[in-house]
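Novice: next one to model:
(chains A and B, ligands or ions: 5)
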Amino acid sequence: MVTVKIDGREVQVEPNSTILQAAEKAGVHIPVLCHHKTLNPFGACRVCLVEVVGNPKLMTACTTPVTDKMEIVTQNEKLQKLRRTVIELLLINHPLDCPVCDKGGDCMLQDLTFEVGLTNVRFDPKPNDTPFDHTNPFIERDIDRCVLCGKCVRICDEVVNIQAISFINRGTETYIGTSFDQPWNCEYCGQCMSVCPVGSLNNRVYLFKNRPWNLEKTESVCGFCSCGCSIIVEHEDNEVYKISEDPDLGVNHGFLCAKGRFGYELINSPEREKTPKIKKSGEFSESSIEEAIEYVAAKIGEIKGKYGADSIGVLVSPRVTNEEAFLAQKFAREVIGSNNVFSFETVNALPEGTYEDVENSDNLIVLNIDVTESNPVLGYAIRRMGRKEETTLSVFYPKVTSLKRVATNFFTGKPSEVYEKIENFINGLKGDGEFKDLADSFKGAKKPVLVYNPYDELDLYYANEIKTLVNNVITVPCRLKNNSQGIVDMGCTPYYKPGYVKTEAQADFRKVLEDGSLRALVILGENPLLHPEYSDLGDILGKLDFLAVTDPFMSEVAELSEVYIPVSLFAEKDGTFTNFEGRVQSLNKTVDNGVISDLEFLALLSARLGVNLPKGIDEVQDLIRKEVPLYNDVDFNGGTVKYPFVLDGAFALKKVSPKGKGKFKVFPGSLRLHSGSFTRRSQDLSRVYAEPAVEINPTDASKLNVGDGDYIILKFEDTTRKFRVAVVKGMPDGVVSLPNDFKETADLFHKGKYLKVDLVKHNG
Amino acid sequence: MSEKAIEMQDNQEEVIQEIDLSAVDEICAKYSGKKGAVIPVLQQVQEHYGYLSREMIERIGENLNVSPHQLYGVLTFYAQFYTTPRGKYVIRVCRGTACHVKGSGRISEVVKEEFGIGNGETSSDLKFTLEEVSCIGACGMAPVIMINDKTYGNLTPENARAIFREYANKEE
Ligand code: SF4
Ligand code: SF4
Ligand code: SF4
Ligand code: FES
Ligand code: FES
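Specialist: Ligands and ions are numbered 1, 2, ... in the order given. Below you'll find the model as predicted:
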């Protein structure tokens, strides 16, 4: 620790702190512009100049490290004058078009101008006539407003590692742009926009919809993937206007992905249903909530009376909160008296590693998952880890992904070849073969981490092998959806009661449907038709004695139901989600769209069936603490659960055997912008990625005479289907990918994860 | 679509004339794993091809694990890099004070008259590039030009034109 004095206040700080950090600790405010706490010091704008006693030169507080006994002055007449001049000079390079700038009221430059007391600009501002750039679908760029602080360029490099924008030219000609002024294509994460201090990079989804001072800000948790990012929901009059970030909250340092930041318009989607519907003689007609609940209760009562409790089941989606999931299993097990509570989540692998483990790892393996697409913010942590000089990052995946830039080793190939390499790596861990060096370094690492896909049996098998062979390895199963972990913790599986207490009766979802023992099903938000494994069950589901579906939208499976009840989305309810780390975090209700939540639905239905379940969020949480020992002393605002096991070990080695005949091998691809169901309701995400596309490499594409954006015919067994083409470098020859959780693709993958297909150009 | 139609399409493969980028890979290979490779690689690739195209930049990026946008940022920062093909003969017309006074403006005009190119431009047959530069340190012989490494001084529009024509008529 060193001691420094700032404006007369003494403070003790770490030896390598900057003057700015010391000032923060001392409670002294120093104005900044180009500084951002998540980025490396840069020192470009000179707004933060301070005086160091005994030093004739002024110093930039954001870059200058303190030394012991340093005395710093941040406020005097000279500094004030100087700061005013610095801001004045910035304003020459910045048009004064605040009334027509979307950033007005939320702009660092406006605030700094006010702070330094500048009320008049003495120079003619430079012309403001460069057209807006709209080549990025989510971010508007006005280079005339840019003050060249470099934060956008730096965050895209240091955090996102896409390096999609750069300083172009030099001197007075400098601007922020792309190589050869190409259209601005990137990951669309919006990080650059989030740190832009001025109105140079603006949110196109929000553009000119409101003014910042009208918006109320509520902290919550993102409702898309299992990364569990903290978000700020900005809203007014029951409408969500914008999702923003706070670097001081939660696990994500203020970083978000495209879905989390720009996908929120699905909350306001005109496709949202508001009224329950009951199907009579094949036609839906609107009903009141009471009527719908009454109808469901009557049907369930009737079927239970006729066929017994086990003829009834509940299927729970990972979109619901822990509280809802807990009540759902309670409803099945206690109200109905059936252990038939299903979800499509895996129960074989549980969380172990955290973001911190990933970032501090010295040797990390990404096993056969496109993690920057499936779990984007976890992807940033892996990138930061991989960028460090002394670390080893190895990726096994069929195609080259964006981790290539930071990876030490990247192993690609046909899916079967990738598995051969994984197998060889395992042999290396056992002491021989071509991967011995990597295996040795992994084994000898201080903090070896394994990031893998817990939904694939073969991947589970290999993860388990690695876990057995390397005793200090920390595993990170990449669950997919916002509460994929929580619903299993809450016992939404026939195998475990809440907290991984084994059950005796273990029905299989497919089996009870196929053998007809299940007569009635209540589905909470799930859509089996978009799951490759269950996509064939539409007929059976449609013919059940009774099917009720709750969903924010009229989904494909909701169409088959007899009663459909529209329910609320993540921004419209309280509760908690548990992310892939096993971290429990609270969301907050911010808007009300006039529909009930799954929690209310379950409470109302149970009451109607004669059991009073709690329906206040606090009561449900008290009950969870009581009945789910795992959650007993976990802080619901960011605490992590301690799990009873990591991998349950029951995995068989089944070789990859692609189904079908054909020249091209298909593997399921992951998408950053979509999960196929929910996210497609976002017009903004769907504008950029409207339909599932076949990714193919340039050589194969030119052999087939197709280009990016063309259509191609895919033939798999007896099925022929038309898809868009996306030409990507880094896909192996003869291999293509296709997302498997879209309504256009789920059934194709029903036969297997890997397919062999023929591809021909689509004419017309 | 019949099987036959499919086959026909397979054969219709278009052969696109592309610049062979293997030299880019070779140059990058020399620097693989080394720090500070960007500038020397850009220099050597430019030396080999005469300029840096979008494709070359992308290929360098793939090799060095840097995005093309960052590379483009670097190359536009330095005056020494070119993003369009350069002529076989680069005519540098000195526009320093001494040469200016002695009429170097006229020499640039002659270049324009002869080859139709202005400052920074390259003739469509890729033979000549015109570059106006500041004092090249031979003020005694003003006005001065350089063609590649050779310096010519004491020029008049007439003898300059003769020199240009000589280059234009040179066998390949
Ligand atoms: S949106 Fe993300 S990937 Fe795109 S330029 Fe900005 S920071 Fe980079
Ligand atoms: S666009 Fe914004 S963040 Fe980027 S350099 Fe300009 S002012 Fe800074
Ligand atoms: S990474 Fe996941 S949790 Fe974070 S913003 Fe994106 S979708 Fe939301
Ligand atoms: S904030 Fe310190 S130089 Fe910009
Ligand atoms: S001014 Fe032309 S050589 Fe000096």
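Novice: any chance you could map the strands in the stretch 601-750 of chain A?
Specialist: Along the stretch 601-750 of chain A, the stretches classed as strands by DSSP state E, counting those that start in this stretch are A:664-668, A:693-696, A:711-716, A:719-727, A:735-738.
Novice: which helix of chain A spans the most residues?
Specialist: helix A:289-307 (DSSP state H).
Novice: buried residues of it, list them for me.
Specialist: Using 16 or more other Cβ atoms under 10 Å in any protein chain shown as the test for burial, helix A:289-307 gives A:289, A:292-297, A:299-300, A:303-304, A:307. Yep, even glycine has a C-beta here, placed from its N, CA and C like the rest.
Novice: following element in sequence after it, please.
Specialist: Next helix or strand after helix A:289-307 toward the C-terminus (DSSP states H and E): strand A:312-316.
Novice: related to what we said a few turns ago, between the longest helix of chain A and strand A:312-316, how big is the angle?
Specialist: 130 degrees (axes from the mean of the first three to the mean of the last three Cα atoms, to 10 degrees).
Novice: what strand or helix carries A:V757?
Specialist: Short version, using DSSP H and E: A:V757 is in strand A:755-761.
Novice: the nearest residue to A:G660 once chain neighbours are set aside: neighbour count?
Specialist: If you skip the residues right next to it in sequence, A:G660 has A:K756 as its closest partner in space, 4.4 Å away by Cβ to Cβ, 6 or more residues apart in numbering or on different chains. Look at A:K756: counted by other Cβ atoms under 10 Å in any protein chain shown, it has 18 neighbours.
Novice: A:K756 is in contact with A:F664, isn't it?
Specialist: Yes. A:K756 is within contact range of A:F664, at 6.9 Å (criterion: Cβ atoms under 8 Å).
Novice: now chain B, which segments are flagged as low pLDDT?
Specialist: Residue ranges of chain B with pLDDT under 70: B:1-18, B:172.
Novice: how far away is A:V221 from ligand 2?
Specialist: 27 Å (Cβ to the nearest ligand atom, to the nearest Å).
Novice: backbone phi and psi for that residue, please?
Specialist: phi -120, psi 140 (degrees, to the nearest 10).
Novice: now do the contacts for it.
Specialist: Contact analysis of A:V221 by Cβ atoms under 8 Å, 6 or more residues apart in numbering or on different chains lists A:228-231, A:250, A:482, A:570, A:577, A:585-587.
Novice: of all those residues, which comes closest to B:E62?
Specialist: Nearest to B:E62, judged by Cβ to Cβ, of the contacts of A:V221 is A:C229 at 30.7 Å.
Novice: give me the mean pLDDT for the strand holding A:V757.
Specialist: Averaged over strand A:755-761, pLDDT sits at 97.
Novice: circling back: reformat the contacts of A:V221 as TSV; add pLDDT and neighbour count.
Specialist: Shown next, in TSV, are the contacts of A:V221 (pLDDT from 0 to 100; neighbours: other Cβ atoms under 10 Å in any protein chain shown):
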residue	pLDDT	neighbour count
A:G228	98	28
A:C229	98	29
A:S230	98	23
A:I231	98	27
A:G250	96	23
A:N482	97	29
A:F570	95	26
A:F577	98	29
A:Q585	98	25
A:S586	98	19
A:L587	96	25
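Novice: tell me the secondary structure for whichever residue of chain B sits closest to ligand 1?
Specialist: Distances between chain B and ligand 1 by Cβ to the nearest ligand atom are smallest at B:H69, namely 8.8 Å. Under DSSP: H, G, I helix; E, B strand; the rest coil, the three-state class of B:H69 is helix.
Novice: burial of it, as a residue count?
Specialist: A count of nearby residues for B:H69, using other Cβ under 10 Å, gives 26.
Novice: wait, doesn't it sit right on A:Q163?
Specialist: Yes. If you go by Cβ under 8 Å, B:H69 and A:Q163 touch, sitting 5.7 Å apart.
Novice: residues in contact with stretch A:165-172?
Specialist: A:148, A:150, A:152-153, A:156, A:174-179, A:181, A:184, A:186, A:192, B:67, B:69-70, B:72-73, B:76-77.
Novice: circling back: now, which of the contacts of A:V221 lie within strands?
Specialist: Those of those mapping onto strands are A:230-231, A:577, A:585-587, per DSSP state E.
Novice: sorry, back to before: name the nearest of the contacts of A:V221 relative to ligand 1.
Specialist: The shortest gap between ligand 1 and any of those belongs to A:C229, at 14.5 Å (Cβ to the nearest ligand atom).
Novice: relative to ligand 4, how far out is the closest residue in space to B:G140 that isn't next to it in sequence?
Specialist: Spatial nearest neighbour of B:G140, excluding adjacent residues (Cβ to Cβ, 6+ apart): B:G153 at 7.6 Å. Between B:G153 and ligand 4 the computed distance is 48 Å (Cβ to the nearest ligand atom).
Novice: test my guess that B:G153 contacts B:A142.
Specialist: Yes. Here B:G153 reaches B:A142: they are 7.1 Å apart, a contact under Cβ under 8 Å.
Novice: neighbour count: those two, which is higher?
Specialist: B:A142 (21 against 16).
Novice: and chain A, which residues reach ligand 2?
Specialist: Residues of chain A that fall close to ligand 2, judged by Cβ under 6 Å from any ligand atom: A:146-152, A:176, A:195-198, A:200-201.
Novice: mind doing that once more with 8 Å?
Specialist: Neighbours of ligand 2 within chain A, by Cβ under 8 Å from any ligand atom: A:34, A:141, A:143, A:145-153, A:165, A:167, A:176, A:192, A:195-198, A:200-201.
Novice: take those residues and keep only those in helices.
Specialist: A:151-153, A:192, A:195.
Novice: biggest separation within the residues you listed, which pair?
Specialist: Maximum pairwise distance among these (Cβ to Cβ): 10.1 Å, between A:V153 and A:V195.
Novice: and A:E271, how many neighbours?
Specialist: A:E271: 11 neighbours (other Cβ under 10 Å).
Novice: verify the stated contact: it with A:S682.
Specialist: No. If you go by Cβ under 8 Å, A:E271 and A:S682 don't touch, sitting 10.2 Å apart.
Novice: what about the residue of the stretch 101-250 of chain A found nearest ligand 4, neighbour count?
Specialist: Residue nearest to ligand 4 within the stretch 101-250 of chain A: A:C149 (6.8 Å; Cβ to the nearest ligand atom). When neighbours are defined as other Cβ under 10 Å, A:C149 has 26 of them.
Novice: so it touches A:G43, yeah?
Specialist: No. Using Cβ under 8 Å, A:C149 is not in contact with A:G43, being 10.7 Å away.
Novice: shared neighbours of the two, anything?
Specialist: Common neighbours of A:C149 and A:G43 (Cβ under 8 Å, 6+ apart) are A:C34.
Novice: got the domain ranges for the chain?
Specialist: Because you didn't say which chain, this covers chain A. Dividing chain A into domains by automatic domain parsing, as the record does, gives the ranges A:2-75, A:124-268, A:288-345+A:483-640, A:355-477, A:664-761.
Novice: chain B was what I was after
Specialist: B:3-77, B:89-168.
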